[in-house]
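>>> A predicted structure for the sequence below; I have some questions about it.
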Amino acid sequence: MLPVDADIVFEHEAQSKQTDITFKAYFDNPGFERPPNQRRVVLHVLVAEADGVRRSVSVPLQALMIGWGDVAEGYQGYAHTIALFDERGTHLKQWAYIGVTSRNWLERMEEHLQEIRSGSNKRFHAAWRSYTGNSRVILGSELVVLNHSFDGIMAWEEEQVDATMAKSSSLNMIPGGFKGLRFLHEQRITKSVNISLEERERAIVEYVRRRGVRPTVPNLLLAQLWHDDEFYLKMLAGRDDVLTPDQVLAIRRLAAEGKNESLICELVGARDVGQVKRVLAAKTYRRVL
């Protein structure tokens, strides 16, 4: 089953006691497939509590099957997410906290929940606390990888945190993996880069305390506004470092007429040729039609 890319979603609504099971076969929908090295069958348990809290817990289905092996062997990598949806249920944006543990990930999750309830100032904890109960938010927890070596799990965490930070969707306080250990050492929080995961957690707490770091909680309302085309265009018009909608349309029109990128840049007054290239490659301004 390892190459199979699919989700099994079990939904339960506490108030009505309604349940539903959906099988999503991504191999039938190539546009939704995970990257080849991340394909797996995932079981999602989505629960809507009577008080409005929506939670999702996800695990690799293979790890629940007889004959898989010892799920507690080695290190585990997990992700806690805050996903925002609009009033129609359309997914808008998601923020993620990436973590690793040498213990059962559910034990580590309970420790996170205790820190959230106690008023922890870490960014992930503050954000989770702020949006618990929001009807347009789903708080998710997923066991992503397991049975890793220490070096393997640290490399995985570093890659995943880098990816979320690049998308400005990270809830981690510091870089992941070995990069994070170097960061703590460079900040003079630790005496060595060779520390355990438990020592790293204490070092992050000390980093927050010593630096007076205030958590930057994602503004879900602002994210929803950016999803609105009128707000998006209004913000573009108020900035002088971006292209206006008229410039974007002119770039596309001139390219269709066969003009080269350098000439287009000059004619529309773009900042540089790279800006023109990104428009034509649909990497920017895709919502300007």
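Yep, that arrived. Residues are numbered from 1 along each chain as shown.
>>> quick check: end-to-end length of stretch 121-138?
The straight-line separation of the ends of stretch 121-138 (Cα to Cα, to the nearest Å) is 21 Å.
>>> quick one: buried residues of that stretch?
By 16 or more other Cβ atoms under 10 Å, the buried positions in stretch 121-138 come out as 122-132, 134, 136-138. The way it works is simple: take the backbone N, C-alpha and C, and place the C-beta from them, glycine included.
>>> show only the entries of those found in strands.
Using DSSP state E to define strands, the subset of the buried residues of stretch 121-138 located there is 137-138.
>>> does the closest residue in space to Thr22 that isn't next to it in sequence sit in a helix, a strand or a coil?
Once flanking residues are discounted, Thr22 sits nearest to Val9: 4.5 Å by Cβ to Cβ, 6 or more residues apart in numbering. Here Val9 is recorded as strand under DSSP: H, G, I helix; E, B strand; the rest coil.
>>> do you know the pLDDT at Val9?
Val9 carries a pLDDT score of 93 in this model.
>>> what are the bridge partners for it, then?
Thr22, His44 (DSSP bridges).
>>> that one and Ala25, how far apart?
Counting by Cβ to Cβ, to the nearest Å, the separation of Val9 from Ala25 is 12 Å.
>>> shaky segments in this protein?
1-2, 30, 212-241, 286-289 (pLDDT under 70).
>>> please enumerate the helices of this structure.
105-117, 123-131, 150-166, 177-186, 197-211, 220-227, 229-237, 245-256, 261-268, 273-280 (DSSP state H).
>>> which one of the buried residues of stretch 121-138 is nearest Val47?
Among the buried residues of stretch 121-138, Ile138 lies closest to Val47 (Cβ to Cβ), at 9.9 Å.
>>> from memory that closest one sits against Val47, does it?
No - the criterion here is Cβ atoms under 8 Å, and Ile138 misses it with Val47 at 9.9 Å.
>>> would you map out the domains in this structure?
6-220, 228-280 (automatic domain parsing).
>>> okay, now Gly269: neighbour count?
10 (other Cβ atoms under 10 Å).
>>> and what of Gln94?
If we define neighbours as other Cβ under 10 Å, then Gln94 has 18 of them.
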